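Chemist: Quick check, what structure comes out for this input:
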Amino acid sequence: MASAAPDAFLPNPPSPGLGGSPRVGALLERAAAGGRLTASEAVLLLEEAPLLELGAAAAAVRRRLHPGSVATYQVDRNVNYTNVCVYRCAFCAFYRKAGDEEAYVLPLAEIGAKVEETLALGGTGVLLQGGVHADLPFSFYEELLSYLRDRYPGIHRHAFSAPEIWFLAKKEKLPVAEVLVRLREAGLMSVPGGGAEILEDGVRKRIVALAKAPTERWAEVHREAHRLGMPTTATMMFGVGETYAERVAHLEVVRRVQDAALDGGRESFTAFIPWTFQEENTELDGKVEVSTGHDYLRTLALSRLFLDNVPHVQGSWVTQGKKIGQVSLFFGADDLGSIMIEENVVAAAGAHNRMTRDDMVALIRDAGFTPRQRGTVYERCSAPCCAAL
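Modeler: Numbering: from 1, shown residues only. Below is the predicted model of the structure:
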């Protein structure tokens, strides 16, 4: 039985400009058509735009950038090679101090076993991320990458967030570019956007350990990666008590870094991935107003409208659940991310949603879209299991 067209689930899809103030309607129409929003205009839309009209405008951008009904996903694994971290971020439930009973560093053989299982399940990539472990030498990171490159050449190595790379640069007294070059020579293929949280230093001082990659340092790592020919992703974890203006400031950083990459003809951000803070077991538990599904969808849609130079926006079923994940495809998302064979960081904070490949395919089809497995940097998946789709 053929799936219904996506718009069939919105019998009367709202058109930008039908509700709210005339100014809001005009902004939505302009953004839907490809006009660039200013920061103040983006804040106004977050504050005043009717939810369905904001979503309709974001869906129009999605259709313009990605004609047709395809929604993509990935099969990969988050491998958290250590949970030891020198930072004590208030939002994190995952980290442990060196010497804690639950502290660990995974041996290479165990990481290899995780990669083999990933490949057996039709996976195409691994995301390697800590803990920023002060006692691990630079050689540990090089050996980890080269071990995976040499034994599993078909696996994409998406590894080490900006705070990890920035810490290595400080520890070794090396330029960020040199750190990235050495990691690339060892087998690094792309850099994940983790460690961004909210890229506004007032917020970062409140929720992030002081020494952990300030906004400009996060941006520097990604600029250097782009300059060296490595694609990266950008993320945002929101719902930690920040204002709408501070969320938009984060989006401005991403758009500015992307503008510079594209103007220079370089590699760039492949995707923007927003998700909501999970409070369980963190220092912020009960101290901030947790984002609702409504807030998530508003911010997702606004992200699609504001980030006019980022090709993909990812919906977060991991933090929002499968149903909101489906709805995100009508609010600007064209991708639902990974099935996450393994995920430990947000799980430690209370997000326990899980997904199989069959679940993901059914979820996308039931929303009226055509599922397509992709690789880490949005290349068409060539794994044998994709031939049936």
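Chemist: just the strands in the protein please.
Modeler: Applying DSSP state E to the chain gives strands spanning 70-74, 76-79, 125-128, 156-159, 232-238, 269-276, 312-313, 335-338, 370-374.
Chemist: Turn these into CSV, columns for distance to residue 58, mean neighbour count and mean pLDDT.
Modeler: For glycine as for every other residue, the C-beta is placed from the backbone atoms N, C-alpha and C. Putting the strands of the chain into CSV (distance: least, CB to CB, whole Å; neighbours: other CB atoms under 10 Å; pLDDT from 0 to 100) gives the following:
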stretch, distance to residue 58, mean neighbour count, mean pLDDT
strand 70-74, 14, 22, 97
strand 76-79, 26, 22, 92
strand 125-128, 26, 24, 96
strand 156-159, 26, 24, 98
strand 232-238, 15, 24, 96
strand 269-276, 12, 25, 96
strand 312-313, 8, 24, 98
strand 335-338, 14, 24, 95
strand 370-374, 20, 18, 97
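Chemist: of all the ones you listed, which lies closest to residue 293?
Modeler: Across the strands of the chain, residue 293 has its closest neighbour in strand 269-276 (8.9 Å, CB to CB).
Chemist: any idea how far residue 143 is from the residue nearest to residue 378 when sequence neighbours are not counted?
Modeler: Of all residues not flanking residue 378 in the chain, residue 270 sits nearest, at 5.3 Å (CB to CB, 6 or more residues apart in numbering). If you measure residue 270 against residue 143 using CB to CB, to the nearest Å, the figure is 27 Å.
Chemist: Check the offset of stretch 117-134 from the chain's centre.
Modeler: 15 Å (CA atoms, centre = their mean, to the nearest Å).
Chemist: For it, which residues meet the burial criterion?
Modeler: Neighbour-count burial for stretch 117-134 flags 118-119, 122-133 (criterion: 16 or more other CB atoms under 10 Å).
Chemist: Also stretch 138-152?
Modeler: So for stretch 138-152, counting by 16+ other CB under 10 Å, buried means 138, 141-142, 144-145, 147-149, 152.
Chemist: Just the terminal-to-terminal distance for stretch 119-130.
Modeler: 22 Å (CA to CA, to the nearest Å).
Chemist: Outline the domain layout of this protein.
Modeler: Residue ranges for the domains of the chain, per automatic domain parsing: 6-59, 68-388.
Chemist: Would you mind checking which of those domains scores lowest on average pLDDT?
Modeler: Lowest mean pLDDT of these: domain 6-59, a mean of 83.
Chemist: Ends of stretch 66-86, what's the gap?
Modeler: First-to-last distance for stretch 66-86 - CA to CA - comes to 41 Å.
Chemist: same question, stretch 149-161
Modeler: First-to-last distance for stretch 149-161 - CA to CA - comes to 19 Å.
Chemist: do the same with stretch 169-184
Modeler: 14 Å.
Chemist: Would you mind listing the outside residues contacting that stretch?
Modeler: 134, 138, 141-142, 145, 159-160, 165-166, 168, 188, 191, 220-221, 224-225, 227-228, 230 (CB atoms under 8 Å, 6 or more residues apart in numbering).
Chemist: Can you point out the buried residues in that stretch?
Modeler: 169, 176-177, 179-180, 182-184.
Chemist: Next, report how far stretch 50-64 is displaced from the centre of its chain.
Modeler: With CA atoms, centre = their mean, you get 20 Å for stretch 50-64.
Chemist: among the buried residues of stretch 169-184, which two are most distant?
Modeler: Most distant of the buried residues of stretch 169-184, by CB to CB, are 169 and 184, 14.3 Å apart.
Chemist: residues touching residue 163, list them.
Modeler: So residue 163 contacts 87, 132, 194-195, 212-213, 218 (CB under 8 Å, 6+ apart).
Chemist: Pipe those into CSV and attach distance to residue 336 per row.
Modeler: Output for these, formatted as CSV (distance: CB to CB, whole Å):
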residue, distance to residue 336
87, 30
132, 29
194, 18
195, 22
212, 29
213, 28
218, 25
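Chemist: Okay, and which of those map to helices?
Modeler: Among the contacts of residue 163, the ones falling in helices (DSSP state H) are residue 218.
Chemist: from the contacts of residue 163, which single one is nearest residue 56?
Modeler: Nearest member of these to residue 56, counting by CB to CB, is residue 194, at 30.9 Å.
Chemist: can you count the residues close to that closest one?
Modeler: The number of residues packed around residue 194, counting by other CB atoms under 10 Å, is 22.
Chemist: quick revisit: what's the closest of the buried residues of stretch 138-152 to residue 106?
Modeler: Using CB to CB, the shortest approach to residue 106 within those belongs to residue 144, at 9.2 Å.
Chemist: Spit out the contact partners of the closest one.
Modeler: 81, 108, 111, 128.
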